[in-house]
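[1] Predicted model and sequence follow; I will ask about them next.
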Number of protein chains: 2
Amino acid sequence: MAKQKEMQLALQMVSGYGGEFSAWRMTGTDPAAYTNMDSYVERAKLAEKGKFQMIFIADTPALPNDLGAQTPMFPMDPMLALLSVARETEKIGLVATLSTTFNYPYNLARQFKALDVISHGRVGWNAVTTSDPSAASNFGAQPLSRKERYAMAHESIQIVQALWGSWEEDAWTLDTKGGKFADMAKIQPINLKGQYYASSGPLPIPPSEQGQPVIFQAGGGYEGLELAGRYASGVYANPYDIASAREHRQALRESAVRFGRNPDDIKMYAGFMFSIGATEEEGLERRRKLMSFNPEEIPSRVSYLGTMVGLRLSVHTVDIDQPLPDDLLERAYASPQDPRSPRALELLKKGLSIRDVLAHGVINYHPVVAGTAVQVADFLEEWFLAGATDGFSVVPDIAYDGVADFVEQVVPILQERGLFHKEYEGKTLRENMGVPYQYGSAETK
Amino acid sequence: MAKQKEMQLALQMVSGYGGEFSAWRMTGTDPAAYTNMDSYVERAKLAEKGKFQMIFIADTPALPNDLGAQTPMFPMDPMLALLSVARETEKIGLVATLSTTFNYPYNLARQFKALDVISHGRVGWNAVTTSDPSAASNFGAQPLSRKERYAMAHESIQIVQALWGSWEEDAWTLDTKGGKFADMAKIQPINLKGQYYASSGPLPIPPSEQGQPVIFQAGGGYEGLELAGRYASGVYANPYDIASAREHRQALRESAVRFGRNPDDIKMYAGFMFSIGATEEEGLERRRKLMSFNPEEIPSRVSYLGTMVGLRLSVHTVDIDQPLPDDLLERAYASPQDPRSPRALELLKKGLSIRDVLAHGVINYHPVVAGTAVQVADFLEEWFLAGATDGFSVVPDIAYDGVADFVEQVVPILQERGLFHKEYEGKTLRENMGVPYQYGSAETK
Ligand SMILES: Cc1cc2nc3c(=O)[nH]c(=O)nc-3n(C[C@H](O)[C@H](O)[C@H](O)COP(=O)(O)O)c2cc1C
Ligand SMILES: Cc1cc2nc3c(=O)[nH]c(=O)nc-3n(C[C@H](O)[C@H](O)[C@H](O)COP(=O)(O)O)c2cc1C
């Protein structure tokens, strides 16, 4: 029997605490996890035990959120977090975002390649253009147009990949007897010059086991699709339902084909959040608890939920610990503006209290499953078998125990169902993602 | 009795092999040490055992030398090397060079501060302007004038220090009960705008145990002195003799005073190389062996030695395994252009063979002692007691065993003579350098 296709898993790290902003207040969590690299290392080790293909650290060079009530959304520094993990793991891939707009290509190329060599070929770069205006002002820049950002990104990635290829594969001779450290004939400048960036090279870094780091992409619109189709082997996406996920995946595959690539060489990872309990009620209770830390946010969440189902809802006019009154329920409809609305309506119609509908994460950024490990596995299976995605970028609610729950309870179910690998295919990220070895320029083989 | 003043020691790492380019070929050395972070970690641990105040990693973002016969002069990436060391040591300071010309201040501030927090206050930044034209071309830039580079450096350091101070010292409240992660009233933008750089801030990073990283400087001329006097607590210098070292140190102290600082708050570290043996002959034999790996370089070294003593020397006209013939010796004089010349002449007059004079390192970049641990200690003592320097940046010939030799043999002698501390004064680099706690802007207290 031919081997069934298997999904892939990325663990999204979210600054050490987990996806929920109040996770830092949960018993067991190190409240200072943000500055403690061990928090990254421990979670990554668990994910490696669970055979996750990679960890993923998102980043924006700014402090865009209010730290009064919330934890930071990004790490102190993504590369230092990745290196901490690299030094204490062996197989798991290491992916971080760095901005194409606010880094010199030479510095990007150098640090990612060094990390790739140190980790023996496990590194990926999520190349994003950073639209956040608070990032621009940290670099003395005005917010740039989308067109300009993407034009810079093309130059950045091309120069970075050329620098990565500035040593031929066998340039590092290390011949101690003959006294030839490297073959300088095989280490050549790149001399690339674009409109925004230029670099002469070569980079002072020898080949890694996977050739060069893997390019990831996570961004919107036509420009994002084009960037992905051209360079990316992995794409982080945030679809909210199967239909839109399939559409995005199909568009990515077509974009790869337009650039002469094999569509199977581009893998999409859909964002997904979970809260696992021994029962559905226990899973939900975790999220009620998380919500309870920020009661001041409930009024706005209730009113937001209202707009998703075409109603004006206020904590002053409804009891949130009761189901939505029948008269309101009759008038409710799923807003076509928000892909999360049908799920919200479905739960309201089921007769859940408003608090519990919110606890189910219907207004979260990612789809959420609050329930048992089997329910989580069912969700992932349904999406995967529907061709919605190649894998998932999973965000634990609370990193402290959420990662262990997923690894110990969900992964074995997926493996049993033949939906997830039981062992790493190889040592490099490329091998474990099933994307081709790449050395040198942006051309793929 | 008042405590005698003690010297300080920095271990210069030089890309994992040691200061001599043929060190990678010596038995015992890992020929791939360049890409192996363990090589940095092991040496740093030894240095910590020897109570060195810090390790120092120099850097230029380029590949300026020929890797056919030589190893790289700089690490794959200085910050990743420092983090590797930070995670496996506890007390030793961690200093690296990054260029003020080829990095955005925000990125510099972020990575150094993150590392400072991770290491619990042990980090220093050697802020250099990077004059190497091969670096400029890696960033699509023309080589900049010295004036421009130093103008950029002032802006860079001021913005970096302001970003470091963008959180007040007690801004990170971490109040889990009250749900207050940080006090946003104490995290403020900096909104600095210069001619070359600008940044709004704040940085997303809380205070470190030493306030902010320590600024180091290593550069030439009036501009360098000014930069050091204004911001630096440590200066790496390359004097070749006591007289020029004293002059440099005095100039640094006066520069600090001009900027309203205490001259004792700026420490100079003089570069110094050593080759230790049980006897002087053994120390010398280490260096003969190192030289023997690159016989093709001997002709040019011999002719170079000639110019230092006013002679035309060639391997075709003299036997390098013999002392300089008397007729030549009579005409020899120490070239006033080269501060290393008196030492070269002294050894020639002693009747050493030309090969051995070269083996003594007379044409090396730093002063060299090839001899016993006592001879090394005597040299350091003489310089230190003459007020030539506050400490040394020591470069092992071969990192593999040279660091251990220094720690096990030289350090105890210095400690016995009361010239070097026996225990770390504190946990932060500032405490161990004896320079004041600093938080926020460039003003010192
Ligand atoms: C799953 C996912 C992950 C993302 N990660 C990052 C990130 O780490 N850093 C960032 O600046 N933007 C990130 N983005 C945002 C996009 O790169 C982009 O900024 C956003 O989609 C809007 O700008 P654009 O459509 O002009 O690209 C991410 C987007 C998605 C969908
Ligand atoms: C001990 C010492 C260490 C230095 N380390 C570095 C270094 O790590 N990176 C670098 O680019 N330059 C380094 N320099 C060089 C100076 O920063 C500077 O580039 C050089 O002195 C010439 O340029 P300037 O006089 O215009 O500054 C060092 C210089 C000295 C004396």
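    Everything's here; your move. Ligands and ions are numbered 1, 2, ... in the order given.
[2] which stretches of the stretch 151-300 of chain A form strands?
    With DSSP state E, counting those that start in this stretch as the criterion, the stretch 151-300 of chain A has strands at A:192-193, A:198-199, A:214-217, A:234-237, A:267-276.
[3] could those go into JSON lines alongside mean neighbour count and mean pLDDT?
    C-beta coordinates here come from the backbone N, C-alpha and C atoms, glycine included. Shown next, in JSON lines, are these (neighbours: other C-beta atoms under 10 Å in any protein chain shown; pLDDT from 0 to 100):
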{"stretch": "strand A:192-193", "mean neighbour count": "15", "mean pLDDT": "97"}
{"stretch": "strand A:198-199", "mean neighbour count": "24", "mean pLDDT": "98"}
{"stretch": "strand A:214-217", "mean neighbour count": "27", "mean pLDDT": "98"}
{"stretch": "strand A:234-237", "mean neighbour count": "26", "mean pLDDT": "98"}
{"stretch": "strand A:267-276", "mean neighbour count": "26", "mean pLDDT": "97"}
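[4] Okay, and the beta partners of the residue in the stretch 151-300 of chain A positioned nearest to chain B?
    Using C-beta to the nearest C-beta, the single residue of the stretch 151-300 of chain A nearest to chain B is A:Ala198, 2.9 Å away. Bridge pairing for A:Ala198 (DSSP bridges) gives the partners A:Lys193.
[5] Nearest approach to B:Val14 belongs to which of the strands of the stretch 151-300 of chain A?
    Evaluated over the strands of the stretch 151-300 of chain A, closeness to B:Val14 peaks at strand A:198-199, with 25.2 Å, by C-beta to C-beta.
[6] So what touches the closest one?
    A:105-106, A:109, A:159, A:162-163, A:190, A:192, B:137-140 (C-beta atoms under 8 Å, 6 or more residues apart in numbering or on different chains).
[7] can I get those residues in TSV with distance to A:Leu348?
    Below are the contacts of strand A:198-199 laid out as TSV (distance: C-beta to C-beta, whole Å):
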residue	distance to A:Leu348
A:Pro105	50
A:Tyr106	54
A:Ala109	51
A:Ile159	52
A:Ala162	54
A:Leu163	54
A:Ile190	58
A:Leu192	56
B:Ser137	62
B:Asn138	58
B:Phe139	56
B:Gly140	57
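[8] Now do the contacts for A:Met152.
    Counting by C-beta under 8 Å, 6+ apart, A:Met152 has contacts A:100-101, A:129, A:144, A:196-197.
[9] which one of these is nearest ligand 2?
    Minimum distance to ligand 2 across the contacts of A:Met152 is 21.4 Å, recorded for A:Tyr197 (C-beta to the nearest ligand atom).
[10] Please tell me how far that closest one sits from A:Arg261.
    Computed as C-beta to C-beta, to the nearest Å, the A:Tyr197 to A:Arg261 distance reads 24 Å.
[11] in the stretch 151-300 of chain A, what spans have low per-residue confidence?
    Residue ranges of the stretch 151-300 of chain A with pLDDT under 70: none are present.
[12] start to end distance for stretch A:351-368?
    19 Å (C-alpha to C-alpha, to the nearest Å).
[13] will you turn the contacts of A:Met152 into CSV that also has distance to ligand 2?
    CSV is the format used below for those (distance: C-beta to the nearest ligand atom, whole Å):
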residue, distance to ligand 2
A:Thr100, 26
A:Thr101, 26
A:Thr129, 30
A:Leu144, 31
A:Tyr196, 25
A:Tyr197, 21
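[14] Identify, from those residues, the entry nearest to B:Gly426.
    Among those, A:Thr101 lies closest to B:Gly426 (C-beta to C-beta), at 40.7 Å.
[15] so that closest one sits right up against A:Asp132, yeah?
    No: A:Thr101 is not in contact with A:Asp132 according to C-beta atoms under 8 Å; the separation is 10.0 Å.
[16] Looking at these two, which is more packed in?
    The neighbour comparison of A:Thr101 against A:Asp132 (other C-beta atoms under 10 Å in any protein chain shown) goes to A:Thr101, with 22 against 14.
[17] Now do the contacts for the residue in chain A that ligand 2 sits nearest to.
    Closest residue of chain A to ligand 2, C-beta to the nearest ligand atom: A:Pro204 (13.4 Å). Contacts here follow C-beta under 8 Å, 6+ apart; on that basis A:Pro204 touches A:110, B:62-63, B:72, B:74, B:76.
[18] what's the answer for A:Asp264, then?
    Contact analysis of A:Asp264 by C-beta under 8 Å, 6+ apart lists A:Gly434.
[19] same question, the one 10 residues further on
    Going by C-beta under 8 Å, 6+ apart, A:Phe274 touches A:368-370, A:376, A:394-397, A:402, A:406, A:410.
[20] go with 10 Å
    Applying C-beta atoms under 10 Å, 6 or more residues apart in numbering or on different chains to A:Phe274 gives the contacts A:19, A:283, A:286, A:361, A:366-371, A:373, A:375-376, A:379-380, A:392, A:394-397, A:402, A:405-406, A:410.
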